[in-house]
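Output the structure for:
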Amino acid sequence: MCVPCSRWGATGMRSAWRNTRSRWPWQLGASRCTPPRGNLAVFTFCNKPFCLASWGQRTRMVEKTAAAAAVAAPAAADVPSLLPSLLLLGALQLAVYGSTLFPSIPGGDSGELVSTSYVGGVPHPPGYPTYAMLNWVVLHLVPMGSVAWRANVLNAVCSAAAGVLVFAATAVLTASQHAAWAAAALFVFNRLTWIYAVSAEVFGLNNLFVGAVLLLLCLFLRQPSVALARAGALVLGLGLTNQHTLVLYGVVVVPVVLWVRRDVLLRPKELLLLGLCFAAGLLPYLYLPVVAWRQRMPLTWGDQRSLAGFLTHLLRREYGTFDLAKGESGSILTVTQATMYQVQSLATETFYLLPMLPVVSLLLPLPAELPHAVLARRVLVAMVLFYSAFFNWRANLDLSNTLLAGVHERFWMQPNMVLAMLGGLCCAQIVSLVKARWPAIKQVVLAGAMVLLAVQVGTQYQVRDESNNYSVRDLGRSLLAGLPQDSVLLLMGDLPGNAARYVQACDGVRPDVKLVDLEMSTYDWYVPMLRHKLPGVVFPGTQPVYRFGPAHYDMKKFLDSNAHLPVFVFQHMNPEDTSWQGDYELWHHGLPSRVVRRGSAFDPNEWMRTANLSIPRFPLPDADKYDPRTWEKALRDTCLAAPVNLAIFLEQKAKVLSDANQRIAALKHSYAIYEELCRTHQPPEAFWHKNFGLVAQQLLQQTALPRYKRTLHRQWELYFASGAQDDQIGAMRQVLAQAPL
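Model (predicted):
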């Protein structure tokens, strides 16, 4: 009978074996352990009899465990063998992303993210401190290109690194570089990944953190290690300082990791260490209060100087903590409808491979040489299902609005990375099943991955090439160009606001113009944090917040208090506030409109002296290249509507002007706008021809000049030929008959 040693209990045996690695028991110390002499059956061990046969059984058990771990763990020789593939994939991504990179800012949040990072401010909730600090370093230390271009390069590098991590994680999961190439091909050049790899956004860095979590997870499941668990906790915390959607993966991964090594990780001391590692990853959030206490940033969001303000920003309370946007409390579509929309979009954009291969993987047996893949596959599937269900439940955007649908689908990249890995696993399963009969299957999988990469680059390159796209920057410059000195510009929405903020903060365009955000001014922190940036602007009320109430101010109070300044607004005011409409009206001024008191005198020549500068004349995005989900489509529509609205405004003013010369001047300016539109934008919109003819008709009545008669006939004939359905066409034909050429 073997007497257990108190020093080598069930737990002590494992602990001492790990601590001594390959050392024999008698090497622990001569004073405690005596090597066997004579009788090999029993010897003195720690001053107690020890059964050598029992020790042999334990030794063989440990050896078997070590052998199993060696099979499960990637061989040391595999690591350097991955390096050429990793470098090749990274170089390929950088070459493609770099050659299609935006030279300036795109639409969406990029203008705000770049400008706030550049001046050392805080971006919108949850603050993105890791991105902001990393961006600040790049923007101020890289000595080439525009400010936005440097931020775009940073994002391209992060996106390329994310693709490399997907490759590495799949290689660890499948022990196959062929499968890893298949996974990379499914992810790195699909539409969403490419779009958000070439512009300054937080999604490239988020993909990088997701890739790191996936790699650590696969390494852990192959060879469970406390060090890997701690590293995963650190990376998870750090990832949450960039984008909160990573927590949806943490909900699935953390319990699995704790259960797999429950013998160690569930001890209080180890739980504490894991918590400290996670907390260390969250340390970049200290950036928010540190920056807020400076109080002199030209651009920032929120007031994080108090714990309440910090938590409001961190938890996105101004948007809704678990919502994607401020407004609705739940998904506009049902979870099933939103998920089906997600699957259909992914299927059509990846040749049906990205959603199909993971399903096939679930139907095929796993290779015997990949025992860890059983749990890994379950975890990866759970991650995708939980993420998609939760996100589609809380993503409260109206997907019938194509632009909002484009905003929604950005968040699909995170599950796409997991789906790509499952697609790679599917390829490894197919290889395992077929390789005995068809040894060339590995080369076929590799060739298929290369073909997929080539097809995606070849078919999308021209559409994804943004290397000459300056349209958002040009929008910001045009928006500010025609404003009088020291104007106030009221902004609402991401496209105009972020474009104007970027060109002012980073390019130094029109620093005299005061930019007032109508949405942010509804928050209590806006005036205290940014009043210094708006000298001369009066915010009335004892609590200067843009909302209804005696202590606050509405738009009429604001306009009355700032009558000494020229006030402009982009497109429209807050539709919920009509307090100003009785005393003020909007006069179109190109891209913006000026707020003027009703009954003010109008001089068309003086008006056009500045309004002409606010007409967007920069190259607009190609209508055939950008679909309605893109900011470029919204920008194009906005820029084409601006001169038309100005021309209509001039025509309407001509009808109420008492002076004949001013009437003719207003109509001539309207005529010139339509003439330029029809000449520079081909093909013209059908209704332009109708409006152009109406202006020509009025000028013909005022001047009787033949040129206006010719224009009237030509424009209306083009309108008739367009096939427009219009009840007024009969009356228009009668007008032409009464004024024959």
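
List the contacts of Ser104.
Ser146, Ala148, Trp149, Asn469, Tyr470, Val472, Arg473 (Cβ atoms under 8 Å, 6 or more residues apart in numbering). Bear in mind the C-beta positions are built from the backbone N, C-alpha and C, glycine included.

ok, and the most crowded of those residues?
Within the contacts of Ser104, most neighbours by other Cβ atoms under 10 Å means Ala148, with 29 neighbours.

that older thread, how about the contacts of Ser104 in CSV, adding secondary structure and distance to Gly423?
Below are the contacts of Ser104 laid out as CSV (DSSP: H, G, I helix; E, B strand; the rest coil; distance: Cβ to Cβ, whole Å):
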residue, secondary structure, distance to Gly423
Ser146, coil, 38
Ala148, helix, 34
Trp149, helix, 33
Asn469, coil, 31
Tyr470, coil, 37
Val472, helix, 34
Arg473, helix, 38
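
Leaving out chain neighbours, which residue sits closest to Asp603?
Nearest residue to Asp603, sequence neighbours excluded (Cβ to Cβ, 6 or more residues apart in numbering): Gln662, at 7.1 Å.

pLDDT below threshold where in the stretch 201-350 of the chain?
For the stretch 201-350 of the chain, applying pLDDT under 70 flags the ranges 295, 321-322, 324-333.

Mind doing that once more with 90?
293-299, 317-350 (pLDDT under 90).

So Met573: helix, strand or coil?
Under DSSP: H, G, I helix; E, B strand; the rest coil, Met573 falls in the coil class.

burial measure for it, as a count.
21.

residues in contact with Val463?
With Cβ under 8 Å, 6+ apart, Val463 has these contacts: Lys625.

buried set for the one helix or strand it maps to?
Using DSSP states H and E, the element containing Val463 is helix 441-464. Residues 441-442, 445-446, 448-449, 452-453, 456-457, 460, 463-464 are the ones in helix 441-464 that count as buried (16 or more other Cβ atoms under 10 Å).

got CSV for those, with distance to Phe203 too?
Converted to CSV, these look like this (distance: Cβ to Cβ, whole Å):
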residue, distance to Phe203
Ile441, 35
Lys442, 33
Val445, 29
Leu446, 29
Gly448, 27
Ala449, 24
Leu452, 22
Leu453, 21
Gln456, 18
Val457, 20
Gln460, 18
Val463, 19
Arg464, 15
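
list the contacts for the closest residue to Tyr97 other than its chain neighbours?
Nearest in space to Tyr97, with sequence neighbours left out and distances taken as Cβ to Cβ, 6+ apart, is Ala156 at 4.1 Å. Contacts for Ala156 (Cβ under 8 Å, 6+ apart) come out as Gln93, Leu94, Tyr97, Gly98, Leu101, Ala197, Val198, Gly204.

Name the pair among those with the greatest separation in space.
Using Cβ to Cβ, the contacts of Ala156 span at most 13.1 Å, a distance reached by Gly98 and Gly204.

So those two - more neighbours on which side?
Neighbours of Gly98 and Gly204, each counted by other Cβ under 10 Å, are more numerous for Gly204; the result is 27 against 16.

after the helix or strand hosting the more buried one, next one along is what?
Counting by DSSP H and E, the element that carries Gly204 is helix 203-222. For helix 203-222, the following helix or strand on the C-terminal side (DSSP H and E) is helix 226-240.

Roughly how far does the residue minimising distance to the centre of the chain sit from Ala148?
With distances taken as Cα atoms, centre = their mean, the residue of the chain nearest its centroid is Phe203 (4.3 Å). To Ala148, Phe203 is 16 Å away according to Cβ to Cβ, to the nearest Å.

Equivalent analysis for Gln243, please.
From Gln243 across to Ala148, the span is 21 Å (Cβ to Cβ).

Over to Gln223?
Counting by Cβ to Cβ - Gln223 and Ala148 are separated by 43 Å.

Just give the number of residues close to the closest residue to the residue nearest to the centre of the chain other than its chain neighbours.
Computed as Cβ to Cβ, 6+ apart, the closest residue to Phe203 that is not its neighbour in sequence is Tyr196, at 4.4 Å. Tyr196 has 21 neighbours, counted by other Cβ under 10 Å.

same check, this time on the one 4 residues further on
Counted with other Cβ under 10 Å, the neighbours of Ala200 add up to 33.

any idea of the pLDDT on it?
Looking at Ala200, its pLDDT is 95.

Grab the nearest non-local neighbour of it.
Using Cβ to Cβ, 6+ apart, the closest residue to Ala200 is Ala151 (3.6 Å).

Doesn't the one you found belong to a strand?
No: counting by three-state DSSP, one finds Ala151 to be helix, located in no strand.

roughly how far apart are it and Ala231?
28 Å.

ok, the two, which is more surrounded?
Taking other Cβ under 10 Å, Ala151 and Ala231 do not tie; Ala151 has more neighbours (31 against 18).

list the contacts for the more buried one?
With Cβ under 8 Å, 6+ apart, Ala151 has these contacts: Ser110, Leu113, Val114, Ser117, Asn135, Val138, Leu139, Ala200.

Assign a three-state SS to the residue nearest to the first one when sequence neighbours are not counted, would you?
By the measure of Cβ to Cβ, 6+ apart, the closest residue to Ser110 outside its immediate chain neighbours is Ala200, 4.5 Å from it. Assigned by three-state DSSP, the conformation of Ala200 is coil.

Pretty sure Ala200 sits against Ile105.
Yes: at 6.6 Å, Ala200 and Ile105 qualify as touching, with contact defined as Cβ atoms under 8 Å.

what's the burial count for Glu576?
By the measure other Cβ under 10 Å, the count of residues near Glu576 is 8.
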